[in-house]
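Colleague: Build me a structure from this.
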Amino acid sequence: MDSRRAWVVYCVAAFAYFASVLQRSSLGVAGIEAQDRFLVSAAVLSTLAVSQVVVYAVLQVPVGILLDRVGPRRMLIFGAVFMAAGQVVLALTSEFPVALCGRILVGIGDAVTFNSALRLVASWFSPRRATPLMQITGTIGQMGQLLSALPFAILLSAVGWTPAFLSAASVSVLAVILLCIAVADVPVGVPKARAARLSLVLRRLRISVARPGTWLAFWVHFITVPGGSVVGLLWGMPLFQVALGYPHSVAATLLMVPICAAIAAGPVLGFLTARVPRARVGIVAAAASAMVLSWLTLAAWPGVPPMWFVIVHVLIIGFGGPVSVIAFDLARSTNPDNSLGVANGVVNVGGFTSSFIMLFLVGLVLDLVHGANVASGGVSELYSFDSFRVAFATMQVVPLCGLGMLWLTYRHTRLRTKSLRMKRNNRLQARV
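Modeller: So this is what the prediction gives:
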């Protein structure tokens with residue numbers, strides 16, 4: 001473990017995750033172009049992002065089961081191939097149903113990548129290095145979103161839809177080549193775990209789901225991921241460019257702000273959670289509360305909010321990405337290695353379930369407000385800031401419910417841990 005070869009494997013796996021986040025977030029800077037290309041309503045357009053997120057969430061547990069059976073290398077290759085194919089489909093079509101199929105392919109490939117990269121970290125590195133590397137992996141993924149936020153946006157504006165999305169697909173093709181050449185499931189000399197029987201994997205899944213620590217990690221992921229998804233996966237450019245009236249270059253730059261915040265915060269959080277593991281849930285609760293408060297302040301701001309507040313807002317939601325990685329550290333510390341794949345799968349469902357609910361809610365509310373204004377005889381723009389106000393306030397019901405469940409699960413986890421500790425102490429005293 002911790003060898004030079006381990007670092008090569010890690011770099012390639014991290015690049016595969018970087019490519020995965022690039023493909024996932026590329027649509028986020030193309031929301032207005034997608035509206036013009038496919039000529040659909042806001043709610044229907046939101047299904048492009050929602051479908052990818054739904055597929056990601058639904059596949060997490062099956063992916064965890066497959067990961068424990070076939071190994072991370074094959075899963076990473078499989079994921080990169082599917083994402084490249086999905087982006088090619090999206091690049092070449094002007095029909096919305098076909099584009100939807102392309103995003104589903106991207107969702108399938110994206111669903112396998114992060115968990116597989118984390119499994120390689122656990123296999124190739126000691127626990128002392130694994131915890132900060134999980135945060136660093138998340139940070140590298142944010143760099144993929146950084147690439148989509150400005151360079152991809154510039155490319156899209158300069159050369160158009162098809163060349164831009166084909167260029168994005170080529171990054172995943174490169175990831176496939178590197179994975180085939182440089183990655184192995186385990187270090188040389190370490191016996192590769194035999195593929196467990198399906199019945200055994202399902203038993204591990206049941207045991208993992210029964211652990212309060214798994215659900216604690218689930219709710220951590222549930223409340224920290226969706227705010228960034230709303231901005232980064234679809235609604236950021238319509239908000240900045242249309243509702244707030246910023247030029248395209250300024251809007252694209254604003255998409256980079258939360259990514260830079262995540263990149264800066266990731267290593268610090270990794271160091272902090274490794275040194276003070278008891279602070280993990282408190283950090284999550286504070287970050288999630290700050291994000292809810294920031295969204296509500298944006299929605300309630302009288303008139304158009306000033307640029308400084310918009311920057312502060314996107315900085316705050318940018319911290320959600322690195323904070324969400326704490327969920328996987330909680331899962332790792334409460335589950336054995338042989339069921340870590342299925343445990344991470346359960347955890348990953350959390351953030352992407354809340355993301356697709358909030359993404360769709362925004363599109364639905366935008367359409368409802370627009371329709372109501374038109375029906376009353378008023379002049380209404382679909383992406384007006386007043387419509388976004390209603391949408392942003394409405395979607396906060398999701399993280400607020402998640403915060404309530406986090407508190408209940410944390411309380412249950414502490415009570416169970418205390419009970420198990422008392423039983424262990426009683427057994428030791430009985431032996432004495």
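
Colleague: Okay, now the unreliable bits of the protein?
Modeller: Counting by pLDDT under 70, the chain contains low-confidence ranges at 1-2, 189-198, 201, 337-339, 341, 379-380, 415-432.

Colleague: Let's see that with 50 instead.
Modeller: Applying pLDDT under 50 to the chain flags no residue at all.

Colleague: for it, what spans make up the strands?
Modeller: Using DSSP state E, the chain contains no strands.

Colleague: Pick out the residue closest to the middle of it.
Modeller: Val225 (5.8 Å; Cα atoms, centre = their mean).

Colleague: Can you report phi and psi for it?
Modeller: For Val225, the backbone dihedrals are phi -90, psi -40 (criterion: degrees, to the nearest 10).

Colleague: so who does the closest residue to it other than its chain neighbours touch?
Modeller: Of all residues not flanking Val225 in the chain, Gly351 sits nearest, at 2.9 Å (Cβ to Cβ, 6 or more residues apart in numbering). Backbone N, C-alpha and C define where each C-beta goes, glycine included. Gly351 makes contact with His221, Phe222, Thr224, Val225, Pro226, Ser229, Ser324, Ala327, according to Cβ atoms under 8 Å, 6 or more residues apart in numbering.

Colleague: Put together a markdown table for those residues, with distance to Pro151 on each row.
Modeller: Below are the contacts of Gly351 laid out as a markdown table (distance: Cβ to Cβ, whole Å):
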| residue | distance to Pro151 |
| --- | --- |
| His221 | 28 |
| Phe222 | 31 |
| Thr224 | 26 |
| Val225 | 24 |
| Pro226 | 25 |
| Ser229 | 21 |
| Ser324 | 25 |
| Ala327 | 30 |
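
Colleague: nearest to Phe38, of those?
Modeller: Of all those, Ser229 has the smallest distance to Phe38: 20.6 Å, by Cβ to Cβ.

Colleague: Tell me who's in contact with the nearest residue to Trp407 once chain neighbours are set aside.
Modeller: Excluding the flanking residues, the one nearest Trp407 by Cβ to Cβ, 6+ apart is Ala285, at 7.7 Å. Taking Cβ under 8 Å, 6+ apart as the criterion, Ala285 is in contact with Leu403, Leu406, Trp407.

Colleague: Of those - the most surrounded one?
Modeller: Most neighbours among those, by other Cβ atoms under 10 Å: Leu406, with 23 neighbours.

Colleague: residues near the residue nearest to it when sequence neighbours are not counted, how many?
Modeller: Among residues not flanking Leu406 along the chain, Trp219 sits closest, at 4.2 Å (Cβ to Cβ, 6+ apart). Trp219: 28 surrounding residues under other Cβ under 10 Å.

Colleague: swap in the one 4 residues further on?
Modeller: The burial count assigned to Ile223 is 31, neighbours taken as other Cβ under 10 Å.

Colleague: distance of it from Leu233?
Modeller: 17 Å (Cβ to Cβ, to the nearest Å).

Colleague: what's the answer for His412, then?
Modeller: Where Leu233 is concerned, His412 sits at a distance of 32 Å (Cβ to Cβ).

Colleague: go on, Val29?
Modeller: For Val29, the distance to Leu233 - Cβ to Cβ - is 10 Å.

Colleague: Repeat that for Phe271.
Modeller: Look at Phe271 and Leu233: by Cβ to Cβ, they are 29 Å apart.

Colleague: Can you pick out the residue with more neighbours from the two?
Modeller: Leu233 (26 against 13).

Colleague: Touching, the more buried one and Gly28? I think so.
Modeller: Yes: the pair Leu233 / Gly28 is scored as a contact, 4.8 Å apart, by Cβ atoms under 8 Å.

Colleague: any residues in contact with both of those two?
Modeller: Ala49.

Colleague: rewinding a little: could you identify the most distant pair in the contacts of Gly351?
Modeller: So, the contacts of Gly351 by Cβ to Cβ: farthest apart are Ser229 and Ala327, at 14.8 Å.

Colleague: can you give me the offset of stretch 277-292 from its chain's centre?
Modeller: Once both centres are worked out by Cα atoms, centre = their mean, to the nearest Å, stretch 277-292 turns out to sit 17 Å from its chain's centre.

Colleague: nope, stretch 295-315 is what I was after
Modeller: Its chain's average C-alpha position is 23 Å from that of stretch 295-315, according to Cα atoms, centre = their mean.

Colleague: again with stretch 64-78
Modeller: That offset, for stretch 64-78, works out to 19 Å (Cα atoms, centre = their mean).

Colleague: residues contacting Leu254?
Modeller: Leu254 neighbours (Cβ under 8 Å, 6+ apart): Gly236, Phe240, Tyr246, Val310, Ile311, Val314.

Colleague: What sits closest to Gly213 if chain neighbours are left out?
Modeller: Thr334 (2.8 Å).

Colleague: For that neighbour, which residues are in contact?
Modeller: Per Cβ under 8 Å, 6+ apart, neighbours of Thr334: Arg211, Gly213, Thr214, Leu216, Ala217, Ala343.

Colleague: Then Val209?
Modeller: Trp215, Val346.
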